[in-house]
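> The sequence isn't on hand, but the structure is:
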């Protein structure tokens, strides 16, 4: 996933950023509320992590402004304020989840992954397109260069995941969690097998491949 972290404490920010990067996520770390708001507005993020106490524009104001501007990316708010009223205030501001400091990185990661798995907002496009590949989410019809491609349900889910994150590397762990709802490594080749089957249908009958292997990292749908 592509994640924005808005955190002014350098130690905490680096702790979060480094941990998420080790899990295969793409992370942008911003240290102020004002700069974070700008970055969240211009960037396309799967999840935004916001510290409540920020210099300049505080976290509540950042989230309120983003929601007012129509930004729908899930927001996880971090704070040292753990009272019930504080949590209510954060959620009412537009945050989707609330985590009190100090926290275990494992819990932070699990909450971020849960937010990233949420279904898209209803006003998002119902048709996904990558070059000459097109997926209709309502009719569940997939075509490439006008030719219909018959996919099994799990193949469809895998392709949808990749197309929604076109151009971004998706690790084996991300795919297991999102497509198979497996939150541990079962030592299986199910991802590799399904990617191979998907390539046989989506890539091999055509003159150029879209599904790329990024050695040592995972897979991505090529947009160029």
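Perfect, I can see it now. On a predicted model such as this, the values are computed, not experimentally measured, just so you know. Numbers count the residues shown, from 1 in each chain.
> give me every residue that touches residue 48.
3, 4, 6, 40, 66, 73, 74, 75, 76 (Cβ atoms under 8 Å, 6 or more residues apart in numbering). All C-beta spots, glycine's among them, are computed from the backbone N, C-alpha and C.
> ah, wrong one, I meant residue 17
5, 27, 29.
> can you list those in a markdown table and add pLDDT?
Output for these, formatted as a markdown table (pLDDT from 0 to 100):
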| residue | pLDDT |
| --- | --- |
| 5 | 95 |
| 27 | 92 |
| 29 | 94 |
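> between the residues you listed, which is closest to residue 144?
residue 27 (32.5 Å; Cβ to Cβ).
> strands paired with the helix or strand hosting residue 212, and their directions?
Using DSSP states H and E, residue 212 sits within strand 211-214. Partners of strand 211-214 in the sheet, by DSSP bridges, are strand 218-221 (antiparallel).
> hmm, who's touching the strand it pairs with?
24, 130, 133, 162-163, 165-172, 174-175, 195, 210-214.
> List buried residues within these.
Neighbour-count burial (16 or more other Cβ atoms under 10 Å) applied to the contacts of strand 218-221 gives 130, 133, 162-163, 165-166, 168-172, 174-175, 195, 210-212.
> Could you tell me which of those are located in helices?
162, 163, 172, 174, 175, 195 (DSSP state H).
> about what we covered before: dump the contacts of residue 48 into TSV; add secondary structure as well.
Listed next are the contacts of residue 48 as TSV, based on DSSP: H, G, I helix; E, B strand; the rest coil:
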residue	secondary structure
3	strand
4	strand
6	strand
40	helix
66	helix
73	coil
74	coil
75	strand
76	strand
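> For residue 153, give its distance to residue 219.
As judged by Cβ to Cβ, to the nearest Å, residue 153 and residue 219 stand 19 Å apart.
> of those two, who's got more company?
For residue 153 versus residue 219, neighbours defined as other Cβ atoms under 10 Å are more numerous around residue 219 (22 against 8).
> Could you check the pLDDT of that one?
You'll see residue 219 listed with a pLDDT of 95.
> Tell me the bridge partners for it.
Assigned bridge partners for residue 219, using DSSP bridges, are residue 170, residue 213.
> what about it, distance to residue 146?
In terms of Cβ to Cβ, residue 219 sits 25 Å off from residue 146.
> Let me see the domain layout of the chain.
2-116, 127-221 (automatic domain parsing).
> Can you list the buried residues in the lowest-mean-pLDDT helix or strand in the chain?
Here the helix or strand of the chain ranked lowest by mean pLDDT, DSSP states H and E is helix 84-93, holding a mean of 81. Using 16+ other Cβ under 10 Å as the test for burial, helix 84-93 gives 86, 87, 89, 90, 93.
> what's near enough to touch the nearest residue to the third one once chain neighbours are set aside?
With sequence-adjacent residues excluded and distances taken as Cβ to Cβ, 6 or more residues apart in numbering, residue 89 is closest to residue 60, at 6.8 Å. The neighbours of residue 60, taking Cβ under 8 Å, 6+ apart as the test, are 52, 89, 90, 93.
> cool, residue 37 as well?
57, 62, 65, 66.
> can you rerun that using 10 Å?
By Cβ atoms under 10 Å, 6 or more residues apart in numbering, the contact list for residue 37 reads 6, 30, 50, 54, 56-57, 61-63, 65-66, 69, 71.
> Could you do residue 56 as well?
8, 31, 32, 33, 34, 35, 36, 37, 62.
> what pLDDT does the closest residue to residue 194 other than its chain neighbours get?
Using Cβ to Cβ, 6+ apart and skipping the chain neighbours, the partner closest in space to residue 194 is residue 158 (5.4 Å). The model reports residue 158 with a pLDDT of 95.
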